[in-house]
Every structure is written in C-alpha cells, then in structure tokens.
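# Structure here, sequence nowhere to be found:
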C-alpha cells in the first residue's frame, strides 16, 4: 500500500482546482507505446500504398470524377422519392469501405511475411530463368508445409511425455478451499475423475463474488454486468443459454453479456447438472494447512459456532479467488477536522449513500466505472483518479449489441500481436469515423450504431465524449510510455453519458497527499470539499491458511500459475487473469489439468525443473498480468498438459460448419470438448453449429482467408532459427520480429 503523507499547506486558503487539464496541454504529453508507433507506421503505410496504387491505376482525375459523382448522389437525397435509393447505395459504399479498410491492413502484413520468399523466387528467375523460379517456389511451399508439420508433431510429442496411464484407478481425498466459480468447476472435474471431494466455503451458499445476499463474499453491485461475453465465459461442456429474455436487464442492454442474476442462475444449473451440491461444506472457514507427510495435508477448519476440526486430505486445491482482500490506497486521516467517508468499492451497494456529495473515486476498472456512473446520477460531483493508462472500450461493439471479444477468434489469436491490434483498431475503433460519417453525412443515422445524443447510453460506442476519454485516458496519459498496450482495458458505456453531462471529472495522475476534506494530486490539482473517497483499486490475493512464508507469495512464482514448486500435493485455480479474455477459461482448463494430475494421469516436472520453467515463464510474461491473453494460456494447457486441443482436420471431416465457426467465431471453451479426457463432441458440435449466432453478419470471408494465410506464415517463421529462439522473449519480439511470429504462451 502507498502511504499518503499529510501536506503542510493551509486548507482554508486553497481554492478548488479540480477542473481537468486543458486538452492543449495534453499535446505536449503525448506518449505512445514504441511498438504502437511501429504499428501506426505499418497502418498508415497501408493506406499510403493503397492510395498510391488506386491513383496509379485510375489517375487523380478519375478519382476526382468519382468523388464528384458521389457528392452529386448525396444531393439527390433532397428528392423524397429518390432518398431511400441513395441511402441504400450509401449503405453498401460505406460497408465496402469498412471491409476493405481491414483487408488493406492484412495485405501489408501478408506482404511483409512473404518478402523473403519473393526475394528468393525473384533471384532464381533473374539468374536461372522462370522454370527454375517455379521449381524454387514449389520447394519453398513444401518447406513451409514441412516445418508446420514438424511443429505439430513436436507439440504432440511434448504432450505424450506428460501423459500417463495408471495401472489402477486412483481415488484421493481432495480439499477445495473456496466455493466460488473456481471451486465449483474444480469440484466438478475432480468428481468426474472419481475423487472424494469436499469444498470448504466460508459463506452460506456457493458462487463467491456472484452472491447477492451474503455480505461475507459479496463483491458485485446488483447491477454488475460481465465484461466478457457469454461464449467466452461458459464452461465447455455446459453452454449458457444464449436466448436471454428480452425483458431482463441484460437482455435489453447487453444480450451478448450476462448479468449478475444470469450468471448466478447458470452456476446453480451447473451445480445441479453435475450433482456437486452435496460436496459443499458451507459456513466453514479454513484456518490453516500443514503438510505432515509428503502426500498428506492436515486442514484446520472452523464452523460458524467456533468449533474447530483437523481433517486429513491427500490433496488441497486453493480457489479463494482474486478478490480475497481489498487493495486500497492508505489515505492519511491525521488532523481530520471534517469527516471524510473512506470506503472500498467492495462495500458499495447503492448510490443513495452518495446523494448530493462530492465523491473521489480512485481506480478505473470495469466495476468501478459502472459504480462511478451510478454514483454520478445522484452525486453533486464525481472525480475519478486514473493512475495508469486505460484503453476505454464499450461492452457492445458496432452498435449491434455484440461483445468486442466476439472478434477474438481462434484464427485471429493464432496471428501475431500486430494483427490482433489491427483488427481491434480497424473493426472497432475505426467504426467511430464510419458511424459519424454515416449519421451526419450519408443519412444513415443509427444504421451502423447509435450515439448518446439518442439517449441510448448502453448502445453508445463512438460519441465525441467517448473519443475524448479514449485518448485522454490512454494515449495522452502521462504514464503511457512503454507500457500502453500492457495497460488496463476497461469496457464501459454509461460512464461516457455521465461525463458528457459534466458530472464526472477525470484526472490522469495519482494522489500525492490529503488533508481533511482536500486531496492534492501529483500534477498539483487540488480537489477541495470532498465528502467521500471510494478506493476502487481492486484486490490482492492473500492466503493466511498456507504454511508460513507462503501467505503472500506471487502468482508468478507458480508453474503455469497453478503449482508452486515448494508446495507439493497442492494446486491453485482461478488466479490467472489475462489482460484480454475471461478468467473462466483459465479456471476450467486448470481444473481439468489438476484433476488429471491428482489421478496420476498427467506428470508434473520435477521440483528443480519446475523452478527453471517458472523463471523462464516470468521472462516471457508481459507487464503486470500473469499472461497477456487468457485464451492463449488456456490453449497452451490444452495442448501441452491436458491433451484436448481440437484436432482441426478431424473436426473438418465431421462437420465443415463446425470447423469454420470454431476458427472464426468467438473463442469458446467448447472447442476443447471435441477430444481428450471427459470430451463431449456432440455438445461441442451443437455449440459450433449455431454459427450465425457466433459471427457478426458483416464479417467478410476474404478477411478469414488472409488471416489464415498470415497465421500459417507466422507459425512458420516462429518455428525456424533465429526466430524460434527468440519467439518467447520480450523486447526484441515486440519491437522487431513481432509482425512475423506468433506469441503463444
């Protein structure tokens, strides 16, 4: 925690200087991530090249004539009988511009990837003639296929060394600490493997942070909506019902997402489906764990009446979650003359507590953003302290109530980092100018999206207020520097409406000190007459029940965030949170892996080897997050540990439709149920047969072909020296060779 010292100035002489810095001053603090600069260079080079080619083949005069015809077409909108025809033409013109926008970006990346091949073929043609050049081209294609084939076999070989078939069925006594989402899926997977399972839950019901009426585990506000979509969040063998009642809170606003009540019902159905309720021991607190023998743990528990008991277990799985202990700034309360209410966002229940108050909120996560928007409805004034860069995105994209993570398909996640960023910018951020053009110039208001001017706060994507916040909190943030793309991504929309109404004030700095009801920021700004401070700075995992010296160990000290080298017969599930992706995806894959380890169907590295791998993984992880993309982490576990990564050729043979939507649809954990332990291929095919629900109608198939080509070439380049040796390194990859390689965990 950061201790905020008390300043020496006289608070009575301080005027309220809470207004945000003028936008002009931000121009002098514009700092862009260095890799982002490279991306922007490629991006503008794409458009420069495209414009040059169009002008070369069509001439500037022809372009001028086309522009004149387009302007004349818009004039025809003044004629009532012709207006709809013009709007129809405008729709298709803008749609194709929108599609071609991303295709241009893909084309330049594809060109960069094949430059070495083109150079070899050209040289062969120059010195030996076209026949030899054709032969060289064929050989190069065969080399690419051979390298990809070898890499696939190498991945399979790595898994086989860890797979094991025990001589007899192994049944162990497993203690699971925590009955939240991680504990629920861990219990289900262990029960399926035939183990005796007991889940110790401190609250009176399962669900953890999703409980609505249990103050000991409550972390949601009642109006909490998921930041990830349904397809990114449900477990692979138990799909979540996508047909939400249109009259529900989430159905009206975020049909691709789920509300607190939606997910609570889903968990209840999951528990009932797999019959695991009897394995819970509620109102039970775990006081301590002690490993008496190498293969035995003594777990000390206490019930609500204070009765203690020591229970023996063969294995312990810790599932206490990321929200175990609040993590807030320690604001000084010395010399307090006016009482200032200081709380953590975990205690927030209703905005009525902040009516007509001046509130300071520290933090800009998704939950705190929703909280700030709610408080702004009744508060006199709300100030948000954004200490680190935040990339602000809506929960819905394209104005079509589709989650942004629907664009994160298995195919796009196989491509290099730059392609993923390009798709985000081209098909998400670039929607803003297209939406503005459509609404204001082409008579297509609300066709490509809606804005706050229509009082549709949850459909807002790219209003002017959103754009100002997007750049102010991201690119113009003083701490943008090297880590912008490692910064926090916050998906919200209501906060933009509150900002446009003048109720919210954002400060891209940190708290320096405080005195009574005044808070001074690092940039000199002083917020006076503060009535309440809300610490929305998240949580930190703490494990008071672990053996001494391990209570506060780092998540990154574990092998694949799951097994600590010094704590044998113990696993941790639910602590892998990527900058991108649903934490539920990692939970399920970890649970499947741990259940197999307990049953001795999979083998862990030896202690010393595990330590070496832990240090290696630390070097390749990015920023403060345990892993950059949760889906990539889950796929690594599926491929190398569990053995359930989908065999694409087999899926293709069974159903081309399933194969296609598995590749280009939202990243759904059902793809890991086609094969492997406890597979459910029928369920998996059923999920991916619903393709139209998974892919936004405006997807363009040529994009998929280009993405597939880029993905194959990226996989090729990352499989050969020297790229193979630096594929998982840090700075070099991000600045030089990232356009050519994949960055798998």
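Ah, there it is. Note that the coordinates shown come from a computational prediction; the quantities given were computed from them, not determined experimentally.

# buried set for the helix or strand harbouring residue 286?
Using DSSP states H and E, residue 286 sits in strand 284-293. Under the neighbour-count criterion of 16 or more other Cβ atoms under 10 Å, strand 284-293 has 284, 285, 286, 288, 289 buried. For every residue, glycine as well, the C-beta is placed using N, CA and C.

# Same question for stretch 512-529.
When burial is assessed from 16+ other Cβ under 10 Å, stretch 512-529 yields the following buried residues: 512-521, 525-529.

# Narrow the residues you listed to those in strands?
Applying DSSP state E to the buried residues of stretch 512-529, the entries found in strands are 512, 513, 514, 515, 518, 519, 520, 521, 526, 527.

# among those residues, which two are most distant?
Spanning the widest gap among those are 515 and 521, at 12.9 Å by Cβ to Cβ.

# pLDDT score assigned to residue 195?
Listed pLDDT for residue 195 reads 96.

# now swap in the one 10 residues further on and tell me
Taken from the predicted model, the pLDDT recorded for residue 205 is 89.

# Tell me how far it lies from residue 571.
As defined by Cβ to Cβ, to the nearest Å, residue 205 lies at a distance of 24 Å from residue 571.

# what do you get for residue 159?
Look at residue 159 and residue 571: by Cβ to Cβ, they are 19 Å apart.

# Counting neighbours, go ahead and name the busier of these two.
residue 571 (26 against 17; other Cβ atoms under 10 Å).

# how close does residue 73 sit to residue 83?
11 Å.

# Which of the two has more residues huddled nearby?
residue 73 (16 against 13).

# Quick check: that one touching residue 86?
Yes: Residue 73 lies in contact with residue 86 (Cβ atoms under 8 Å); the separation is 5.8 Å.

# Please identify which helix or strand holds the spatially closest residue to residue 288 that is not a sequence neighbour.
Leaving out its chain neighbours, the residue that sits closest to residue 288 by Cβ to Cβ, 6 or more residues apart in numbering is residue 300, at 4.4 Å. In this structure, residue 300 is located in strand 296-303 according to DSSP H and E.

# Which elements pack onto the strand or helix carrying residue 123?
According to DSSP H and E, residue 123 maps onto helix 80-128. Packing contacts for helix 80-128, counted by 3 or more Cβ pairs under 8 Å, 6 or more residues apart in numbering; DSSP states H and E, involve helix 34-75, helix 130-160, helix 417-424, helix 431-440, helix 701-717.

# Can you verify residue 234 is assigned to a helix?
No: Residue 234 is assigned coil when assessed by DSSP: H, G, I helix; E, B strand; the rest coil, not a helix.

# show me what contacts it?
240, 266, 584, 668, 669 (Cβ atoms under 8 Å, 6 or more residues apart in numbering).

# how about a cut-off of 7 Å?
240, 266 (Cβ atoms under 7 Å, 6 or more residues apart in numbering).

# and it, backbone torsions?
With angles defined as degrees, to the nearest 10, residue 234 sits at phi -80, psi 160.

# how about the strands of the stretch 251-400 of the chain, start to end?
Applying DSSP state E, counting those that start in this stretch to the stretch 251-400 of the chain gives strands spanning 280-281, 284-293, 296-303, 308-313, 315-318, 325-326, 330-331, 341-344, 358-362, 381-385, 390-393.

# what's downstream of the last one, the next helix or strand?
The reference is to strand 390-393. helix 410-414.

# can you give me the mean pLDDT across that following helix?
The model assigns helix 410-414 a mean pLDDT of 86.

# Show me which positions of it end up buried.
By neighbour count with 16+ other Cβ under 10 Å, helix 410-414 contains the buried residues 410, 411, 412, 413, 414.

# try stretch 598-610
For stretch 598-610, a neighbour-count test (16+ other Cβ under 10 Å) marks 598, 599, 601, 602, 604, 610 as buried.

# Tell me the one of those nearest residue 713?
residue 602 (32.7 Å).

# Can you flag the weakest of the strands of the stretch 251-400 of the chain by average pLDDT?
Among the strands of the stretch 251-400 of the chain, strand 330-331 scores lowest, at a mean of 54.

# Give the other helices and strands that the helix or strand where residue 533 lies contacts.
For residue 533, the host element (DSSP H and E) is strand 532-535. Here strand 532-535 touches strand 341-344, strand 358-362, going by 3 or more Cβ pairs under 7 Å, 6 or more residues apart in numbering; DSSP states H and E.

# Output the ones you listed in JSON lines; the columns should cover distance to residue 115.
JSON lines is the format used below for these (distance: least, Cβ to Cβ, whole Å):
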{"stretch": "strand 341-344", "distance to residue 115": "53"}
{"stretch": "strand 358-362", "distance to residue 115": "48"}
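
# Identify, out of those, the most deeply packed stretch.
Of all the helices and strands packed on strand 532-535, strand 358-362 carries the top mean neighbour count, a mean of 24, counting by mean count of other Cβ atoms under 10 Å.

# Adjacent strands (with direction) for that one?
Next to strand 358-362 in the sheet, as set by DSSP bridges, lie strand 381-385 (parallel), strand 532-535 (parallel).

# now the helices for the stretch 151-300 of the chain?
With DSSP state H, counting those that start in this stretch as the criterion, the stretch 151-300 of the chain has helices at 181-192, 249-253, 260-273.

# So which of these is nearest residue 710?
That would be helix 181-192 among the helices of the stretch 151-300 of the chain, by Cβ to Cβ, at 34.0 Å.

# is it true that residue 283 touches residue 200?
No: Residue 283 lies out of contact with residue 200 (Cβ atoms under 7 Å); the separation is 9.8 Å.

# Those two: which is more packed in?
Neighbour totals were compared for residue 283 and residue 200, and residue 200 leads with 24 against 15 (other Cβ under 10 Å).

# so who does the more buried one touch?
Counting by Cβ under 7 Å, 6+ apart, residue 200 touches 175, 176, 177, 281, 284, 286, 301.

# who's it bridged to?
residue 177, residue 281.

# Residue 282 against residue 201, yeah?
Yes: the criterion here is Cβ under 7 Å, and residue 282 meets it with residue 201 at 5.1 Å.

# Which one's more surrounded, these two?
The neighbour count for residue 282 versus residue 201, taken as other Cβ under 10 Å, is higher for residue 201 (27 against 16).

# Could I get the contacting residues of the more buried one?
178, 179, 280, 281, 282, 284.

# In space, what's closest to residue 294 - neighbours in sequence excluded?
residue 568 (6.3 Å).

# doesn't residue 296 make contact with that neighbour?
No: here residue 568 lies out of contact with residue 296, judged by Cβ under 7 Å, at a distance of 10.5 Å.

# Give the buried residues for stretch 194-205.
Buried residues in stretch 194-205, counted by 16+ other Cβ under 10 Å: 195, 197, 198, 199, 200, 201, 202, 203, 205.

# Can you report how many residues neighbour the closest residue to residue 283 other than its chain neighbours?
Nearest residue to residue 283 in three dimensions, chain neighbours excluded: residue 304, at 4.3 Å (Cβ to Cβ, 6+ apart). Residues near residue 304, counting by other Cβ under 10 Å, number 11.

# switch to numbering from 12
I'll keep to 12 as the first residue from here, and by that count the last item is residue 315.

# Pop out the phi and psi values for residue 315.
Phi and psi for residue 315, reported as degrees, to the nearest 10, are phi -70, psi -30.

# what pLDDT does it get?
Looking at residue 315, its pLDDT is 89.

# close enough to count as contact, residue 97 and residue 87?
Yes: Residue 97 lies in contact with residue 87 (Cβ under 7 Å); the separation is 5.2 Å.

# For the two, indicate the residue with more neighbours.
More neighbours surround residue 97 than the other of residue 97 and residue 87, with 18 against 13 (other Cβ under 10 Å).

# What distance do you get for the more buried one to residue 557?
Applying Cβ to Cβ to residue 97 and residue 557 gives a distance of 69 Å.
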